[in-house]
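*Asks:* this is a predicted model, with the sequence first.
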2 protein chains.
Amino acid sequence: MERKPSPDGVAAAAKRVARHVVRTPLIATQSEGRSFLVKAECLQEGGSFKLRGATNRLLLMSTEERARGVVAFSSGNHAGGIAIAARRLGIEAVIVMPADTPAVKAERVSAEGARIVTYDRATESREEIAAALACERGATLVPSFDDVDIIEGQGSVGVEIVEQLRDPPGRIWVPCGGGGLSAGIALACPGAEIITVEPDGWDDMGRSLACGAIVSVADNAPSTRCDALQTKLVSPLTFEVLRAAGARGLAVSEAEVAAAMAWAVRNLKLVVEPGGAVALAAILAGRTEPTRHGDVVVLSGGNVDPALLASVLGG
Amino acid sequence: MERKPSPDGVAAAAKRVARHVVRTPLIATQSEGRSFLVKAECLQEGGSFKLRGATNRLLLMSTEERARGVVAFSSGNHAGGIAIAARRLGIEAVIVMPADTPAVKAERVSAEGARIVTYDRATESREEIAAALACERGATLVPSFDDVDIIEGQGSVGVEIVEQLRDPPGRIWVPCGGGGLSAGIALACPGAEIITVEPDGWDDMGRSLACGAIVSVADNAPSTRCDALQTKLVSPLTFEVLRAAGARGLAVSEAEVAAAMAWAVRNLKLVVEPGGAVALAAILAGRTEPTRHGDVVVLSGGNVDPALLASVLGG
C-alpha cells in the first residue's frame, strides 16, 4: 500500500528540514479589536513556504537519484523552492516554465543555477514536456503538491506554529492552491480548526470539502491576481487529509485581497503576494467569529511584482 | 556625578524590556555575492525600535512619577513608542506634535490613548510647550535620545543581535538621527565596528566623529525623505559613547535610500521607511569592504506613507 501523509511523517520532515529553512516569526497583531497571530512565511528563503517541501523531498532522494537530477514545472514559488534546494544539495534541476513567464521570475530561477525549458501555453502540455525530460534523463519529477514528502515538508510550518505558542492553536487560516500547505499544517496541528482560503471562483478545495468529493474549478473561472493559487484540481492526497481533519473553505474577492496586502504593509511592514494574502483577507473581512483559543493566519508568500504592489498601495 | 550610559546599564535594560518588546528576527541575505544579516526592527511593535527606549524609561519611573504622567515631543516614531509604552503601563501621555503632522501619524498616537497638543512650527517652540506642559502637571519630560535610560533601552537591539549570533558581530551599520540607537548598540557590542549612517547633508554625527567634537547640521541642509533622521544636533551622551567606541559615519543619497527601500521589498519582503533604510542603502552601495567577521545591518523602522512607498516601487 502506498504511504499516506501522516503526523509522524510531518514531525520527521520538520526535523529534517529545520537547519535548511528559516524558522519564520509568528507575529502578534490585531484589527478592530480582534487579536490574532500571523505566521510570516513571506520571510522564508525564496519568499514562500515552498522551500520546505522541496527540501524535504530532495533530502529523501538517494545518491543515485540525486545524480540524475530533478525536473519540475512551475512558473512561480515551487520553481524557486526546487531551484534553491537543488543548488544547495548539488542536484541538477530543470524547470519547465511557460514562454511568457515574467523575466524577473525566470531570472531568479536561473540565478540559482537551474536550467529553464520553456513551452507554449497555447499549444504544448507542461506535464508532457516535464515527463519526457524526466524520462530521457532518468531524473525525478517533483510535483508541487501531489506528493507525500512535499506535503509533509510543508507541514513543518505547523510544527513551528505549535512550538512557537504556549497553548495549541485554536484555528489556522491557510491560503490554499493544491492544498499541500493546508494538509501539512492539518497533520501538524490535529486539535486546530483548519480553514482553507481561496480566491473567488477558484475555491475548488472549499467546494470539494463542502460536498465531500473532489470537484474542479469551472472552465469559466474569473481572472485573479492570486497566480499562486490557480490550481484547477486538488489531489486526493491533500483532499483526504483535509476532509478527515474536518477542514472547511472560504473564498475572498480580489478587492479583499488587495485591501489585505495594503493592510500588511501598513500594519505588519510585510510584503505579501496576492495568493499569500487570502487568509489574511478572510480574517480582516470578519468571515468568522473569533475563536476563544486563538487565530493563526498564514502569510504563505511575498513574491509580488513591485508595480502590482505599488498599484495596490496607491489604490 | 551624573550617570553615563554603560554596558551594564544596557544589559539590565535588555532584561527589563524583554517581555514588553518583540524580539525581532535577524535575517540572512545577500547582494551581489556579499552576505550580510539584517536586524528587522521594522517588525517591532509600533513599527520602529523606539518602543525599547520608551519602555525602559517608563519602567524605571516611580509610582508617584507614573501618576503624574509623561510628556514628549515628536511627530514620529518616538511619539508612537511613548504612546504604546504609556498605555501598557497605565501612564497618561501627552505628545506635542506640529499642527501639520500627517493625519495618519496623529491618529496612531490617539489610538493608543495619548493626548495630542499641536503647535505651529513657524511661530512656536515645541521644547517650550513640552516643558511648560510637564511643569504645570509635574509630569516627566521624556526626550527622544538625550537620556541615559532611553539610550540603554535602545541598546537591547544590540543585546539581541549578540544572542542571535554564534560569533560576535564584526561590524554593525546603524541608521543615526540623534544617536540613541547607535550608542546603545555600541555599548552592547563592544567588539564590533560601528558605522553610523545618515542622509547626505544631515550627517552631523559622522562629521562630529570625524572631527572629534559635536558639530551641527548646516542651516541650508537639503530636503530629505528621511524624516526620522532630521536631527540638527546630537547629544554629548550619544556622541561620547560613539567616539569612545571608535565609530565612524557614512552618508547616503536620496536615490540610494529609495533603491534600498525597493530592494527590501523585492528581496526581504520587508517594508522599511526612508530613515530606516539608510544603513541598508550604504551596504548595498558598497561603501566599505566586507569584513571577515560578518556585517549586520539594522533596519530601524517601517513607518512609511504607503503612497511614498508606491512611488519608490514605481520609479
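*Replies:* Thanks, I have it.

*Asks:* and residue A:216, how many neighbours does it have?
*Replies:* Per other CB atoms under 10 Å in any protein chain shown, the neighbour tally for residue A:216 reads 13. Using the backbone N, CA and C atoms, a C-beta is placed for each residue, glycine as well.

*Asks:* chain B contacts on chain A?
*Replies:* By CB under 8 Å from any CB of the partner chain, the part of chain A that sits against chain B consists of A:22, A:25, A:27-28, A:42-43, A:45, A:47, A:262, A:265-266, A:268-272, A:302, A:306-307, A:309-311, A:313-314.

*Asks:* kindly recompute the last result at 7 Å.
*Replies:* Listed as neighbours of chain B in chain A under the rule CB under 7 Å from any CB of the partner chain: A:25, A:27, A:42-43, A:47, A:262, A:265-266, A:269-271, A:302, A:306-307, A:309-310, A:313-314.

*Asks:* which one is whichever residue of the stretch 51-200 of chain A sits closest to chain B nearest to, not counting chain neighbours?
*Replies:* In the stretch 51-200 of chain A, the residue found nearest to chain B is residue A:104; the distance is 8.5 Å by CB to the nearest CB. Leaving out its chain neighbours, the residue that sits closest to residue A:104 by CB to CB, 6 or more residues apart in numbering or on different chains is residue A:305, at 7.2 Å.

*Asks:* do you know the pLDDT at that neighbour?
*Replies:* With respect to pLDDT, residue A:305 has a value of 91.

*Asks:* circling back: now the buried members of the residues of chain A next to chain B.
*Replies:* A:25, A:27, A:42-43, A:47, A:262, A:265-266, A:269-271, A:302, A:306, A:309-310, A:313 (16 or more other CB atoms under 10 Å in any protein chain shown).

*Asks:* returning to that earlier point: can you tell me which of the residues of chain A next to chain B end up in helices?
*Replies:* Of the residues of chain A next to chain B, the ones assigned to helices by DSSP state H are A:262, A:306-307, A:309-310, A:313-314.

*Asks:* with respect to pLDDT, which of those residues ranks lowest?
*Replies:* Among those, residue A:314 has the lowest pLDDT, at 83.

*Asks:* leaving out chain neighbours, which residue sits closest to that residue?
*Replies:* Leaving aside its sequence neighbours, residue A:314 sits nearest to residue B:310 (CB to CB, 6+ apart; 4.5 Å).

*Asks:* check residue A:146 too.
*Replies:* residue A:235 (3.8 Å).

*Asks:* ok, the one you found touching residue A:178?
*Replies:* Yes. Between residue A:235 and residue A:178 there is a contact at 6.1 Å, judged by CB atoms under 7 Å.

*Asks:* compare these two (neighbour count), which wins?
*Replies:* Just comparing residue A:235 and residue A:178: by other CB under 10 Å the higher neighbour count belongs to residue A:178, 26 against 20.

*Asks:* what's the distance between the more buried one and residue B:226?
*Replies:* Applying CB to CB, to the nearest Å, the value for residue A:178 to residue B:226 is 44 Å.

*Asks:* which residue packs closest to residue A:88, ignoring adjacent ones?
*Replies:* residue A:20 (7.0 Å).

*Asks:* re earlier: please enumerate the shared neighbours of residue A:235 and residue A:178.
*Replies:* In terms of CB atoms under 7 Å, 6 or more residues apart in numbering or on different chains, residue A:235 and residue A:178 are both contacted by the residues A:145-146.

*Asks:* what is the burial count for residue A:311?
*Replies:* Residue A:311: 15 surrounding residues under other CB under 10 Å.

*Asks:* just the pLDDT for it.
*Replies:* 95.

*Asks:* ok, it - contacts?
*Replies:* No residues are in contact with residue A:311 under the rule CB under 7 Å, 6+ apart.

*Asks:* and it, how close does it get to residue B:307?
*Replies:* Distance from residue A:311 to residue B:307, by CB to CB: 12 Å.

*Asks:* now do residue A:122
*Replies:* 39 Å.

*Asks:* report pLDDT for residue A:294.
*Replies:* Looking at residue A:294, its pLDDT reads 88.

*Asks:* how about it, nearest residue that isn't a chain neighbour?
*Replies:* Residue nearest to residue A:294 in three dimensions, not counting chain neighbours: residue A:170, with 4.7 Å by CB to CB, 6+ apart.
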